[in-house]
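I would like to see how this sequence folds:
(one chain, ligands or ions: 1)
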Amino acid sequence: MPGRLAHKVAIITGAGSGIGLESSLLFASEGAHVVLADINITAANKTHSLLKEKYPNAPEAITVKVDVGKEQEIKALVDKALEQFGRLDVMFNNAGIMHPADDNALNTEEKIWDLTMTINLKGVWWGCKYAILAMHNNPTDESKKLHTGGSIINTASFVSLLGAATPQLAYTASKGAVLAMTRELAMVHAREGIRLNSLCPGPLKTPLLMEFLNTAEKRDRRMVHIPMGRFGEAIEQAQAALFLATDESSYITGADFKVDGGISSCYVTPQGDPALPPPSSLAS
Ligand code: NAD
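A predicted model of the protein is given here:
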């Protein structure tokens, strides 16, 4: 199947929902073999069914149950991709949690801090580690434009750039660390054909945030800070991840790639309704 990711192999963690779900469908529609990884295998299997229904001509995809908070499970995930498809071109370390008991410096329990760091930060580190090892060994095939190296995309957040008086200390610290770690790894591997970039989404209409912002008051408290006047859609993150995954972004590495409706550039927001409707989900 032709496309911007033709013949390439991509692992996407958190493939069962939100950004991971939309990216799985989009990457498959662009010709990639997609490895759909999630701790919730039922959700990953649903993504797989949707993928086959929407894109019957897409290359073979597989699902893998993984807890990104466990190093051996990430190693097994990458091994599975290599065993099945022989290479790894794109690693999208996207899975993450925002724990409801995550709070300020006084109230956040150590176990919530540790859990958040293990999934959101160590999980991304291990995802980078095993992807880099695999990408070093990618076979070259000039006719299919396949080379050693690859693209690693780590999902951080706008909260790694901006402070909020509605704190989620562990989450924010974990995302700030993802940003710093990704930048450093990008420098280390810059001459190996491996690019690493952080995706910094703004506030999105996905289960992760909407389950947390479960009242109009909580949503309005955030909305006033968003220049575009709406929450972002997961598909808008997937489009950015696709760009970072393809060779179209061949000179981009170490970036804090912001897809945030302008929130991180804003002092005073405009008034009025958004002029344009948001794009549609691929899943609908
Ligand atoms: P989501 O909750 O819709 O989806 C997250 C997926 O990750 C789920 O399918 C879940 O089962 C999976 N997951 C959770 N823990 C896992 C683990 N230990 N191992 C493997 N899979 C696991 O969330 P989303 O909004 O799509 O968020 C994806 C990423 O984007 C996260 O890293 C999140 O922090 C980040 N982000 C989200 C927002 C937002 O507003 N939603 C903003 C900035 C950054």
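
for the residue of the stretch 51-200 of the chain found nearest the ligand, helix, strand, or coil?
Of all residues in the stretch 51-200 of the chain, residue 96 sits closest to the ligand, at 2.3 Å by Cβ to the nearest ligand atom. Any C-beta I mention is one placed from the backbone N, CA and C, and that applies to glycine too. Under DSSP: H, G, I helix; E, B strand; the rest coil, residue 96 falls in the coil class.

quick one: contacts for it?
With contacts defined as Cβ atoms under 8 Å, 6 or more residues apart in numbering, residue 96 is in contact with 14, 119, 120, 123, 155, 174, 175, 208.

now do 10 Å
Residue 96 makes contacts with 13-14, 18-20, 68, 116, 119-121, 123-124, 154-157, 171, 174-175, 178, 208, as judged by Cβ atoms under 10 Å, 6 or more residues apart in numbering.

for the ligand, what are the nearby residues on this protein?
Neighbours of the ligand within the chain, by Cβ under 6 Å from any ligand atom: 13-14, 16-20, 38-40, 43, 66-69, 94-98, 119, 155, 157, 201, 203-204, 206-209, 234.

Let's see which of the residues you listed end up in strands.
13, 38, 155, 201 (DSSP state E).

Widest-spaced pair of the residues you listed?
Farthest-apart pair in these is 38 and 201; separation 18.0 Å (Cβ to Cβ).

which ones are touching residue 271?
Residue 271 makes contacts with residue 229, as judged by Cβ under 10 Å, 6+ apart.

where's it relative to the ligand, distance?
Counting by Cβ to the nearest ligand atom, to the nearest Å, the separation of residue 271 from the ligand is 23 Å.

Next: residue 5.
20 Å.

coming back round to it: what pLDDT does the residue of the stretch 51-200 of the chain closest to the ligand get?
Note for residue 96: predicted pLDDT of 98.

same deal with residue 184?
On the pLDDT scale, residue 184 is placed at 98.

contacting residues for it?
Contacts of residue 184 by Cβ under 10 Å, 6+ apart are 196, 254.

residues of the helix or strand where it lies that come out buried?
Assigned by DSSP states H and E, residue 184 falls within helix 169-188. Judged by neighbour count (16 or more other Cβ atoms under 10 Å), helix 169-188 contains these buried residues: 169-179, 181-183, 185-186.

One more: stretch 95-105?
Neighbour counts over stretch 95-105 (16+ other Cβ under 10 Å) mark 95, 96, 97, 98, 99, 102, 103 as buried.

So what's the gap between it and the chain middle?
17 Å (Cα atoms, centre = their mean, to the nearest Å).

now stretch 31-41
Distance, centroid of stretch 31-41 to centroid of chain: 12 Å (Cα atoms, centre = their mean).

now swap in stretch 171-179 and tell me
That offset, for stretch 171-179, works out to 14 Å (Cα atoms, centre = their mean).

and what of stretch 188-205?
9 Å.

ends of that stretch, how far apart?
The first and final residues of stretch 188-205 sit 35 Å from each other (Cα to Cα, to the nearest Å).
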